[in-house]
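[1] mind looking at a prediction? Sequence and model below.
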Number of protein chains: 2
Amino acid sequence: MTAPAATALGVGLRVLVESPTTSAAQVVADAPVGSPQDPSAVARLLGEPLPAVLTFEHEHIPAAAFEAAAAAGVPARPSAEALVHAQDKTVMRRRLTELGVPCPRWSPVADAAALATFLEDVGGEAVVKTARGGYDGKGVRVVRSAHDVAEWFAAARIGGPALLAEEKVPFVRELAVLLARRPSGEVRVWPVVETVQRDGVCAEVLAPAPDLDPEVERAAVQAARAVAEGLDVTGVLAVEMFEVAGGDRGRVLVNELAMRPHNSGHWTIDAAVTSQFEQHLRAVLDLPLGETAARARWAVMANVLGSSLERLTDALPAVLAADPAAKVHLYGKEVRPGRKLGHVTVTGEDLADVRARAARAAAILRGDPA
Amino acid sequence: MTAPAATALGVGLRVLVESPTTSAAQVVADAPVGSPQDPSAVARLLGEPLPAVLTFEHEHIPAAAFEAAAAAGVPARPSAEALVHAQDKTVMRRRLTELGVPCPRWSPVADAAALATFLEDVGGEAVVKTARGGYDGKGVRVVRSAHDVAEWFAAARIGGPALLAEEKVPFVRELAVLLARRPSGEVRVWPVVETVQRDGVCAEVLAPAPDLDPEVERAAVQAARAVAEGLDVTGVLAVEMFEVAGGDRGRVLVNELAMRPHNSGHWTIDAAVTSQFEQHLRAVLDLPLGETAARARWAVMANVLGSSLERLTDALPAVLAADPAAKVHLYGKEVRPGRKLGHVTVTGEDLADVRARAARAAAILRGDPA
């Protein structure tokens, strides 16, 4: 989704793809193929003519790739020092706590005894996470006892990811703040959105978050800016938060970070003046940032999770016929159960209507019975 | 500009490019290289897996390419029978006259004597056009005597394009109607726009056309629909028209046709629910068409004509800084004097302001002194 923005701005994109059939390889000519773990692949990515900047579309970037960029004199944005906070949840929680950014109560849990102590502190129930490698509800489990994550402790003992525990926050709803920051310091923030999760995966994004208390909005934006500046993030930053009823730690608690264009910002493609993909390029190239205002009263983005690729293709005429104003985005990915294969964005004046239209379009694409 | 729409809809795009450095080759992987005049290049384009449809981004498509598509069982949209009306102005004028679509007075002019007769009929001044091969003011000349196009007559005698003459219409302004039509007959029309030409090239498009008389609007849309249906056009059709003060031939006279996404519709990328590029794909694939409503009160598109590519790249930070809400589109084309190298679209509530912003952004990109 970055390619159209790069083309429009006259920015040449060179992409390292894991396989010649991945989505990115379909839209960028002559993409070098290989893993970011493979030094020769990274060398091809950083070859002549030397790129102006190296950036990322996911967090799984090894230190060696950053070292190769530094050796070639290519700046990495975000930097390794910033990105580690999106790679390792323990590092992130420690730093955010230092910065005074409101977080759920948390603790690293080296073993079952540490988890038992934490569970006692937070009232018997907690969320255990692997510090590294989780996504879309994977690597996250609600537990009442160390037995519930026995195999994670076993894995950690033989070199698997470390674990941390967080209180299970009694949240009102989930919010996300998307912003971009460029090396020269300019920051632009999109309207705060509500994210609706189902089975640990984002199902819907409502932009802007309906009935948002100005105090909550201020707290949310302040927390996201504090993260961006405190961690010296460059590029797009998504900060997922819990809105809470209020208390001594304020009205929002930070849940997760992503330092890249993020699913909670896909609505910006069709419904903000500047999309997160264009803005990420502008930010990492240290170009002036674009206006982030919404272009519609309401925008709702509904994710399409995968079952079968044939179904998706077969459903295209039906979804286009059902709603001529729905914006359909398919990702050209190989299908795996539960994987995000696309999304639909709908805009309009009436939130209930917009939300129903987005949900219906996503259901048609999934092939759900009407 | 078609590539992003194809990606979003999950439509695989295979493009025949004239050189590996052309714009399209930069955004579509593994594009076969060659001319549409070259049968082996066309054969590579139509190779296995067989494409669902063949379509075009310009009019210069030889009959052999249509024959190859027919032999392979690939439908061409628009068809050769439709496209000839965008290739040959004499064929177009003859057919539009038969269909009763309002046109300037016109005549084929085989020789100087025929032109002299026509000049006498229309009051001493006329527009002479080459029937084929013109664009952006080329192949169009205002004349008062056959001497003014002596070399065109000379060229025509030795196999060059035939000529036709048209009255010089005393128009109020120029309008364009953009629509899309699919094989099953569905037609959707975007808001009528005003196009502002400078030196025979479109400089600005105002969407919608300001202060448009409803009677003129009706006549314009009716003429464009009559063209689409009368010529059995499939895909996007742009009909350029003169708005006239009124008379026995109505309030609009058709000037030119294009059967493809057209410069007068570039504003739709940023400011209509469905862009002309997405709609063209939907139309030629016979998918349900998208909503064509504008997403802003006013949109102004300003073309950036070429002087130097370095200037364009150097000016990018300045234009992004000057107007964070301007949408900049660069085409990655090789620079030739007067060639369209990009455009800027600005939207807003106040037309004078929107127009001034678009003009300023285009001037910055051209490198004009402020």
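    Yes, it's here.
[2] domains for chain A, by residue range?
    A:3-76, A:105-167, A:173-366 (automatic domain parsing).
[3] take the ones you listed and lay them out in a markdown table including distance to chain B.
    Every residue, glycine included, has its C-beta placed from N, CA and C. Below are the domains of chain A laid out as a markdown table (distance: least, Cβ to the nearest Cβ, whole Å):
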| stretch | distance to chain B |
| --- | --- |
| domain A:3-76 | 4 |
| domain A:105-167 | 21 |
| domain A:173-366 | 4 |
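[4] from the ones you listed, which stretch is densest packed?
    domain A:173-366 (a mean of 20; mean count of other Cβ atoms under 10 Å in any protein chain shown).
[5] nearest to B:Leu312, out of the domains of chain A?
    Set against B:Leu312 and scored by Cβ to Cβ, the domains of chain A come closest in domain A:3-76, at 7.1 Å.
[6] quick one: contacts for A:Glu256?
    Contact analysis of A:Glu256 by Cβ atoms under 8 Å, 6 or more residues apart in numbering or on different chains lists A:Lys89, A:Val239, A:Glu240.
[7] thinking again about what came up before, I'd like the domains of chain A laid out as a markdown table, including distance to B:Leu305 and mean pLDDT.
    Compiled in a markdown table, the domains of chain A are given as follows (distance: least, Cβ to Cβ, whole Å; pLDDT from 0 to 100):
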| stretch | distance to B:Leu305 | mean pLDDT |
| --- | --- | --- |
| domain A:3-76 | 16 | 91 |
| domain A:105-167 | 47 | 94 |
| domain A:173-366 | 23 | 94 |
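[8] need those in JSON lines (columns: distance to B:Pro191).
    Shown next, in JSON lines, are the domains of chain A (distance: least, Cβ to Cβ, whole Å):
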{"stretch": "domain A:3-76", "distance to B:Pro191": "23"}
{"stretch": "domain A:105-167", "distance to B:Pro191": "41"}
{"stretch": "domain A:173-366", "distance to B:Pro191": "15"}
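[9] find the nearest non-adjacent residue to the residue nearest the centre of chain A, please.
    Closest residue to the average C-alpha location of chain A: A:His262 at 3.6 Å, with Cα atoms, centre = their mean. Leaving aside its sequence neighbours, A:His262 sits nearest to A:Ala238 (Cβ to Cβ, 6 or more residues apart in numbering or on different chains; 3.5 Å).
[10] check which helix or strand that neighbour maps to.
    Assigned by DSSP states H and E, A:Ala238 falls within strand A:235-243.
[11] C-alpha coordinates for that strand, CSV please?
    Extracted in CSV, the C-alpha atoms of strand A:235-243 (Å, rounded to 0.1, in the frame of the first residue of the first chain):
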residue,chain,number,x,y,z
GLY,A,235,8.0,7.6,10.5
VAL,A,236,4.5,6.5,11.4
LEU,A,237,3.7,5.5,15.0
ALA,A,238,0.5,3.7,16.1
VAL,A,239,-0.2,3.7,19.8
GLU,A,240,-3.0,1.3,20.9
MET,A,241,-4.6,2.3,24.2
PHE,A,242,-7.3,1.3,26.6
GLU,A,243,-9.8,4.0,27.5
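[12] for A:Asp368, grab the count of nearby residues.
    A:Asp368 is flanked by 13 other residues according to other Cβ atoms under 10 Å in any protein chain shown.
[13] can I assume it sits in a strand?
    No: counting by DSSP: H, G, I helix; E, B strand; the rest coil, A:Asp368 falls outside a strand, being coil.
[14] setting the sequence-adjacent residues aside, check what's closest to A:Thr313.
    B:Gly10 (6.3 Å).
[15] what residue of chain A is the furthest out?
    Computed with Cα atoms, centre = their mean, the residue of chain A farthest from its C-alpha average is A:Ala113, at 32.4 Å.
[16] and the helices in the stretch 201-350 of chain A?
    For the stretch 201-350 of chain A, helices defined by DSSP state H, counting those that start in this stretch occupy the ranges A:214-230, A:267-271, A:276-284, A:309-322.
[17] quick revisit: the residue nearest to A:His262 contacts A:His266, doesn't it?
    No: counting by Cβ atoms under 8 Å, A:His266 is not a contact partner of A:Ala238; they are 10.7 Å apart.
[18] before we move on, back to that, closest one to B:Ala302 among the helices of the stretch 201-350 of chain A?
    Closest among those, using Cβ to Cβ: helix A:276-284, at 18.9 Å.
[19] helix, strand, or coil at A:Ala362?
    helix.
[20] ditto for the one 3 residues further on
    Recorded secondary structure, A:Leu365: helix (three-state DSSP).
[21] which ones are touching it?
    A:Leu365 is in contact with A:Val304, A:Leu312, A:Ala315, A:Leu316, A:Val319, A:Val328, A:Gly342, A:Val344, counting by Cβ under 8 Å, 6+ apart.
[22] again, only this time at 6 Å
    For A:Leu365, the contact set (Cβ atoms under 6 Å, 6 or more residues apart in numbering or on different chains) comprises A:Val304, A:Leu312, A:Ala315, A:Val319.
[23] same question for A:Val252.
    A:Ala219, A:Ala220, A:Ala223, A:Met241, A:Glu243.
[24] excluding sequence neighbours, find me the nearest residue to it.
    A:Met241 is the one closest to A:Val252 (Cβ to Cβ, 6+ apart), at 4.5 Å.
[25] show me what the one you found is bridged to.
    Note on A:Met241: beta-bridge partners A:Leu175, A:Val254, judged by DSSP bridges.
[26] and the gap between it and B:Val143?
    Distance of A:Met241 to B:Val143, given as Cβ to Cβ, to the nearest Å: 70 Å.
[27] which stretches in the stretch 1-150 of chain A count as strands?
    Taking DSSP state E, counting those that start in this stretch as the criterion, the stretch 1-150 of chain A carries its strands at A:106-108, A:126-130, A:140-143.
[28] export those strands to CSV and tack on distance to A:Leu83?
    Formatted as CSV, the strands of the stretch 1-150 of chain A follow (distance: least, Cβ to Cβ, whole Å):
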stretch, distance to A:Leu83
strand A:106-108, 20
strand A:126-130, 17
strand A:140-143, 20
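[29] out of the ones you listed, nearest to A:Ala43?
    Across the strands of the stretch 1-150 of chain A, A:Ala43 has its closest neighbour in strand A:126-130 (30.8 Å, Cβ to Cβ).
[30] partner strands of the closest one and their direction?
    Paired strands of strand A:126-130, with direction, are strand A:140-143 (antiparallel), strand A:163-167 (antiparallel) (DSSP bridges).
[31] just send those back as JSON lines, with distance to B:Phe66 too.
    Shown next, in JSON lines, are the strands paired with strand A:126-130 (distance: least, Cβ to Cβ, whole Å):
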{"stretch": "strand A:140-143", "distance to B:Phe66": "57"}
{"stretch": "strand A:163-167", "distance to B:Phe66": "64"}
